[in-house]
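Trainee: Here's my sequence, what's the structure:
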Amino acid sequence: MRIYNTLTRRKEEFVPIEDGKVRMYVCGPTVYNFIHIGNARPMIVFDTFRRYMEYKGYEVNYVSNFTDVDDKIIKKAMEEGVDASEISSRYIEECKKDMAGMNVKPATVHPLATQEIDGMIDMISCLIEKGYAYAAADGTVYFRTNKFKDYGKLSHKNLEDLQAGHRDIQVTGELKEDPFDFVLWKPKKEGEPAWESPWCEGRPGWHIECSVMSKKYLGETIDIHAGGEDLIFPHHENEIAQSEAASGKEFAHYWMHNGFLNIDNRKMSKSLGNFFTVREISEKYDLQVLRFFMLSAHYRSPLNFSAELMEAAGNGLERILTAAEHIRHLLGAAKETAMTEAERALYEESAKYQEKFDAAMEDDCNTADAVSAVFELVKFINTNASSENSRAFLEKLLGRLQMLCDVLGILTEKEEVLLDAEIEKLIEERQAARKEKNFARADEIREELAAKGIILKDTREGVTWKRA
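Mentor: Numbering: from 1, shown residues only. Next up is the predicted model:
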């Protein structure tokens, strides 16, 4: 498999640190509100990459954090008059719901920044001891950017270029030795969450969080670090500097970055009124359509979101689902016979679409071409599957289609949505079963409803329910 490495600016053959295993870190969201569709793109594309690696037999240790201490979280907490942890906990849960809706698999570990403070203090102490960091008079700890000779190697700019092009992140003042030094630890302000440290009561800078969480759960050197293109500088550049200064080892062998998402050919912005959360999109479209839309372009390409393109994605997804449903329908009355020679030849012919799919994914996770291969398989199925076929042949075809769709995270079975009246009817049946002391049936109905996302609560006034 070949991966485009942002570090070297070329496609490279993927060679894992340890045979058969992949250590992968993907920067997660800052949880102060519902995630937006820009957050959704890296979640979907790198989840798909992970699924492909697992399909190829790799054991993937996939770590994706939640940044649960940040200026935006604190601001939101102050606006609502609650503790910052209440905001982060709330939106972590909401984020997980949206991820489930997009069929994004939970990470092996979802570390929280606030639970890794001790590791951050240890790494900062190490950087100070090695002369890469210093504590200012007010207790702020800064990283000495000029001391790390490879600074800028990811963004492919030297320090002078970066200083000229990013004056917005340079903060001058007597406390800093150099305007480009960045914060590792900052003193607390009134009303902010804070932790004790050797330098002051305060909290970590953003960049140190990911370095420490990656090291703890994946080791000092990892296979792949991934995230959005907007994180290349300064976040990932700073991660490299502090991680490699502390360990003396290469931080990540491969760096993968997805392209930007635009809305109607314009940058997404609240001021332009084109800012959409995943939750808002879910009110208009099935989130499987959003996932399919995200996979319709190469992950490194800019992607334009529009109603027209979402409709097209919905139609494309429907073609795949209809083909799967057609085979299931045929299986209902299929003959219990072995495959004929003609069927065996047809099934072997269908392997070429799986080979095309694999070739696309092997070429830097080209999901656009992989989707095209699935459409070719769908056309083949629609042409060659009929009521005359054996069950064995139909099951094999359906299995091949489901296998490829699973790599893409596409569910081929439409989820059954219970209507309110159907729920009420089942609750009535459960109540009747309880009166008759048929507790096994009552429990069975509760479990059946829970499996479909319906939560029951028994109260003195009767049974209430809600959708999960």
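
Trainee: Check which helices and strands the helix or strand in which residue 407 is found is in contact with.
Mentor: Here residue 407 sits within helix 391-408, counting by DSSP states H and E. Using 3 or more C-beta pairs under 8 Å, 6 or more residues apart in numbering; DSSP states H and E as the contact criterion, the elements in contact with helix 391-408 are helix 37-55, helix 307-331, helix 341-362, helix 367-384. Heads up, the C-betas are built off the backbone N, CA and C, glycines and all.

Trainee: On the three-state scheme, residue 447 is what?
Mentor: Classification of residue 447 using DSSP: H, G, I helix; E, B strand; the rest coil returns helix.

Trainee: measure it to residue 129 for me?
Mentor: For residue 447, the distance to residue 129 (C-beta to C-beta, to the nearest Å) stands at 56 Å.

Trainee: Tell me how many other residues crowd residue 373.
Mentor: The local packing of residue 373 (other C-beta atoms under 10 Å) involves 20 other residues.

Trainee: Touching, it and residue 362? I think so.
Mentor: No. Counting by C-beta atoms under 8 Å, residue 373 stays clear of residue 362, with 11.9 Å between them.

Trainee: that older thread, immediately after the helix holding residue 407, which helix or strand?
Mentor: Under the assignment DSSP H and E, the closest C-terminal helix or strand after helix 391-408 is helix 420-435.

Trainee: May I see the buried residues of that following helix?
Mentor: Taking 16 or more other C-beta atoms under 10 Å as the basis for neighbour counts, the residues of helix 420-435 that come out buried are 423, 426, 427, 430, 433, 434.

Trainee: can you check stretch 454-466 too?
Mentor: Buried positions in stretch 454-466, judged by neighbour count with 16+ other C-beta under 10 Å: 454, 456.

Trainee: all helices of the stretch 51-200 of the chain, in order?
Mentor: When secondary structure is read from DSSP state H, counting those that start in this stretch, the stretch 51-200 of the chain shows helices at 71-80, 84-101, 117-129, 159-165.

Trainee: and those helices as JSON lines, adding distance to residue 142?
Mentor: Putting the helices of the stretch 51-200 of the chain into JSON lines (distance: least, C-beta to C-beta, whole Å) gives the following:
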{"stretch": "helix 71-80", "distance to residue 142": "18"}
{"stretch": "helix 84-101", "distance to residue 142": "24"}
{"stretch": "helix 117-129", "distance to residue 142": "10"}
{"stretch": "helix 159-165", "distance to residue 142": "15"}
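
Trainee: can those go into TSV with extra columns for distance to residue 394 and mean neighbour count?
Mentor: Putting those into TSV (distance: least, C-beta to C-beta, whole Å; neighbours: other C-beta atoms under 10 Å) gives the following:
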stretch	distance to residue 394	mean neighbour count
helix 71-80	52	15
helix 84-101	30	18
helix 117-129	53	18
helix 159-165	59	13
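
Trainee: So for residue 8, which of these sits nearest?
Mentor: Residue 8 lies closest to helix 159-165 among the helices of the stretch 51-200 of the chain, at 18.5 Å (C-beta to C-beta).

Trainee: and the helices and strands packed on helix 391-408, which is most packed in?
Mentor: helix 37-55 (a mean of 23; mean count of other C-beta atoms under 10 Å).

Trainee: pLDDT wise, what is residue 125 at?
Mentor: In the predicted model, residue 125 carries a pLDDT score of 98.

Trainee: looking at this structure, which helix or strand is least sure?
Mentor: Every helix and strand in the chain was compared by mean pLDDT, DSSP states H and E; the lowest is helix 159-165, with a mean of 67.

Trainee: Any figure for the gap between residue 456 and residue 436?
Mentor: For residue 456, the distance to residue 436 - C-beta to C-beta - is 18 Å.

Trainee: Only the buried residues of the helix holding residue 407, if you could.
Mentor: Per 16+ other C-beta under 10 Å, helix 391-408 contains these buried residues: 391-394, 396-398, 400-402, 404-405, 407-408.

Trainee: Show the contacting residues for residue 281.
Mentor: Residues in contact with residue 281, defined by C-beta atoms under 8 Å, 6 or more residues apart in numbering, are 37, 287, 290.

Trainee: The last one should be in a helix, yeah?
Mentor: Think residue 290. Yes. According to three-state DSSP, the state of residue 290 is that of a helix.

Trainee: unless I'm mixing things up, it is touching residue 314, no?
Mentor: No. Judged on C-beta under 8 Å, residue 290 makes no contact with residue 314 at a distance of 9.6 Å.

Trainee: ok so, going back, what would the contacts of residue 281 look like in JSON lines with pLDDT and distance to residue 93?
Mentor: Rendered in JSON lines, the data for these read as follows (pLDDT from 0 to 100; distance: C-beta to C-beta, whole Å):
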{"residue": "37", "pLDDT": "96", "distance to residue 93": "19"}
{"residue": "287", "pLDDT": "96", "distance to residue 93": "17"}
{"residue": "290", "pLDDT": "97", "distance to residue 93": "20"}
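
Trainee: mind putting these in CSV, distance to residue 125 included?
Mentor: As requested, the contacts of residue 281 are arranged in CSV below (distance: C-beta to C-beta, whole Å):
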residue, distance to residue 125
37, 40
287, 44
290, 44
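
Trainee: tell me which of those is nearest to residue 331?
Mentor: Set against residue 331, the nearest of those by C-beta to C-beta is residue 287 (27.6 Å).

Trainee: State the distance from that closest one to residue 197.
Mentor: For residue 287, the distance to residue 197 equals 41 Å [C-beta to C-beta].

Trainee: that older thread, I'd like to know which of the helices of the stretch 51-200 of the chain is closest to residue 275.
Mentor: In terms of C-beta to C-beta, the element of these nearest to residue 275 is helix 71-80, at 14.4 Å.

Trainee: Could you list the low-pLDDT ranges of the protein?
Mentor: For the chain, applying pLDDT under 70 flags the ranges 162-174, 414-419, 468.

Trainee: In contact with residue 158: list those residues for me.
Mentor: residue 152.

Trainee: With residue 2 as the reference, measure out to it.
Mentor: Relative to residue 2, residue 158 is positioned 28 Å away (C-beta to C-beta).

Trainee: Same check on residue 401?
Mentor: Per C-beta to C-beta, residue 401 is found 26 Å from residue 2.

Trainee: now swap in residue 289 and tell me
Mentor: Between residue 289 and residue 2 the distance is 30 Å, computed by C-beta to C-beta.

Trainee: So for the two, which residue has more residues nearby?
Mentor: With neighbours defined as other C-beta under 10 Å, residue 289 and residue 2 compare such that residue 289 has more, 21 against 13.

Trainee: wait, what's in contact with the more buried one?
Mentor: Taking C-beta under 8 Å, 6+ apart, we find residue 289 in contact with 310, 313, 314, 317.

Trainee: tell me which element the residue nearest to the second one when sequence neighbours are not counted falls in.
Mentor: Looking back up the chat, that one is residue 313. Of all residues not flanking residue 313 in the chain, residue 293 sits nearest, at 3.7 Å (C-beta to C-beta, 6 or more residues apart in numbering). Assignment of secondary structure by DSSP H and E places residue 293 within helix 287-294.
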